[in-house]
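Student: I'll drop the sequence and a predicted model, then ask my questions.
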Amino acid sequence: MSTVPPTTGSVSEADYEALVLKLHEIQAVKFGEFKLKSGLMSPVYVDLRIIVSYPQILHRVAEAMWDRVRETEFDVMCGVPYTALPIATCMSALHGTPMLMRRKEVKDYGTKKAIEGAFTRGQRCLIVEDLVTSGMSVQETVEPLEKEGLVVSDVVVLIDREQGGRARLTYILDTLVQHSLVTPDVAAKVRQFIADNQTDKPGVIPAAAAPPPKPKRLRYEERAALAKNPLGSKLFELMARKKSNLSVAADVATVEEMLELADKVGPHICVFKTHVDVFDKWSDEYAAQLRQLAGKHDFMIFEDRKFADIGNTVVMQYGGGIYKIADWSDITNAHLVPGSGIIDGLKQVGLPKGRGLLLLAEMSSKGTLARGEYTEEVVAAAEANQDFVMGYISVSPSSWKNGPGSPGLIHMTPGVQLSAGGDALGQQYNTPASVIGERASDVIIVGRGVIKAADPAAAAAEYRLAGWTAYEQSLAA
Ligand code: 5BU
C-alpha cells in the first residue's frame, strides 16, 4: 500500500502520482550510492535544481506546494536560495502573492540588504523550500527575515527526507515501486535508511520546527505571581479580574473630553493611556479627578511620556514641573537611547511611589529604528531591572531572538485597529488577533479606533472582546 499524501484542494492524488513519476523521469530523484553533504552515504539522492529546465514540471511542483498552503495565512513568501527560488517565483506569479528574496551573501557594498523586495515589518512570511534534511538552510533564511521584523509563520517543503511530511520520500518510493521503476530491493534499502535517520516533520512545518518549541502561554494570573515589579503584578491581576487586555489612548484635546472618555470607556479597559502635554490645561485637581475615575472603574493610568534624557534630567521631568507625572500616573515609559542611567533616574522617583516603567523595545511607526540589536539591548536592560521595569512597548515580541522573554514582564502594543492598515503619517496598524495571538503581546493599545468612533464605549467593548478572545484562543493553542 502506498502512503498517499492527503489532498485538500485542487491537486488530486493522481496529480501527485504523476508528479512523482515525472521527477523520477528527469532524475530529480535518483537511487544508488550517494554521499550527502553531511558525509552520510545515502541510497537515494534528491536534486530538484534540474526542474528549471522543465517548465511544466516546475508548474506542477508550484501548484502542488500551493495546494498545501491554500488554507494558510501569509502576506509574502520567500524561497530558500537557490533551488526553491524558481518554485517560489512560480507560486508567486501564479497566485499573486508577493515574493521576497534572501541574499546568500550580504554584499558589503551597494544597498547591503539581506532581504530584497518590498515588505513591512510584521508581515507574515511563508518560507518555500524544496527539500528538508536537517532544517539548517531553512533556519538560515528564517533569521534574516525575522531580523527585518517579518513574522515567519510557516514553511512549505516539497520533499522531507526525514519523513512525516505530506510529500514524503516513502510516498515517492511506493509510487515508483508500483510503477516498476524501482526494484523492491532498492526500496527496502531506502526504507531502512529512512528508518535509521528518522525524525518527524510534517509537509507544512511550523517555522518553530528548527528553533526549540515555543513555551506554552501562561495565564495573566500565573504571570502576576512571576512579576517582580509590584505594579506589574497588580496589572496582571487586574486584567484577569476584569477580563480586559485593552488600553485606550486618550488622544483628545481638552481635559473635559479626556475625563468624559475615561468615564465612558473605564468599564472596558485595564489601562488608560494619556499624553498629558496634548491637553489644553493641567492641574493637580484634574489629576485627582482622573485618579478618582481609575478607582471607580478599576483601571491603571499610563502617561505615555517617552522619556529620553540623562538620569539627572528625567528625575526632574518625571517628579516635578507642571505635570508631576509620578504623582498620578501608575505607569510611564522611556527610550533606552541615553543608556541605563535613564532607568536609574526614573526608578529613584517612581519606585518609592509604587510605579512601573515600560521600556520602548519597538515602535509601531514605519521606518522605526527601534529594532534588531537595539531591541536586544532593551530586552537585556529590562531583564536586569525588573524591580522597576514592568515590561515593554513592543510590536512583535514573538519574533524576538528569545521570544517575549521573562513571563513576569508585560508587553503592550500600540498601532491596533480592527483591520490592518495605517495612517498618512507612518502609523501602522495590526489587528487584535495578530497582536495578541501571533505576536504574543499582552495588551492592545487603541487610540483612534475607539476615540473617533461614534460611540467610544461601544467601540471599547468591541476591542475588549477582540483582545480577550485572541488571548483565550492563544491559551488554548
Ligand atoms: P492610534 O490612534 O491608535 O494610532 O494611537 C496610538 C497611540 O499610541 C498614540 O497615543 C501614540 O502616541 C501611541 N504610540 C504609538 O502609536 N506607537 C508607538 O510605537 C508608541 C506609542 Br511607543
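Tutor: Alright, I've got the coordinates. Numbering: from 1, shown residues only.

Student: Can you give me the separation between the residue of the stretch 51-200 of the chain found nearest the ligand and A326?
Tutor: The nearest approach of the stretch 51-200 of the chain to the ligand comes at R121, 11.5 Å away (Cβ to the nearest ligand atom). Just so you know, the C-beta spots here come from the backbone N, C-alpha and C atoms, and that holds for glycine as well. Going from R121 to A326 by Cβ to Cβ, to the nearest Å gives 33 Å.

Student: picking that back up, now the residue of the stretch 51-200 of the chain closest to the ligand, what's its secondary structure?
Tutor: coil (DSSP: H, G, I helix; E, B strand; the rest coil).

Student: What count of nearby residues applies to the closest residue to it other than its chain neighbours?
Tutor: Take R121 and drop its neighbours on the chain: the residue closest to it by Cβ to Cβ, 6 or more residues apart in numbering is G149, 3.1 Å away. Residues near G149, counting by other Cβ atoms under 10 Å, number 19.

Student: can I assume G149 is in contact with G122?
Tutor: Yes. Taking Cβ atoms under 8 Å as the definition, G149 is a contact partner of G122 at 6.0 Å.

Student: quick one on the thing from earlier: ok so the residue nearest to R121 is a strand residue?
Tutor: No. G149 is assigned coil when assessed by three-state DSSP, not a strand.

Student: what ranges do the strands span in the stretch 1-150 of the chain?
Tutor: Taking DSSP state E, counting those that start in this stretch as the criterion, the stretch 1-150 of the chain carries its strands at 29-35, 41-46, 76-79, 99-102, 115-116, 124-132.

Student: Return the member of these having the minimum mean pLDDT.
Tutor: For these, mean pLDDT drops lowest on strand 41-46, to a mean of 81.

Student: what does it contact?
Tutor: Contact with strand 41-46 is made by 28-36, 131, 159, 161, 169, 173, 186, 189-190, 193, as judged by Cβ atoms under 8 Å, 6 or more residues apart in numbering.

Student: Tell me which residues touch the residue nearest to R121, please.
Tutor: 120-122, 371, 395-396, 399.

Student: Export the strands of the stretch 1-150 of the chain as CSV, with columns for mean neighbour count and distance to V450.
Tutor: CSV is the format used below for the strands of the stretch 1-150 of the chain (neighbours: other Cβ atoms under 10 Å; distance: least, Cβ to Cβ, whole Å):
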stretch, mean neighbour count, distance to V450
strand 29-35, 14, 57
strand 41-46, 17, 54
strand 76-79, 25, 30
strand 99-102, 21, 34
strand 115-116, 16, 35
strand 124-132, 24, 26
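
Student: which neighbours do G149 and G122 share?
Tutor: Going by Cβ under 8 Å, 6+ apart, residues that sit against G149 and also against G122 are 395-396.

Student: remind me which residues of the chain are low pLDDT?
Tutor: The model of the chain has pLDDT under 70 over residues 1-10, 37-38, 106-112, 133-137, 161-168, 197-215.
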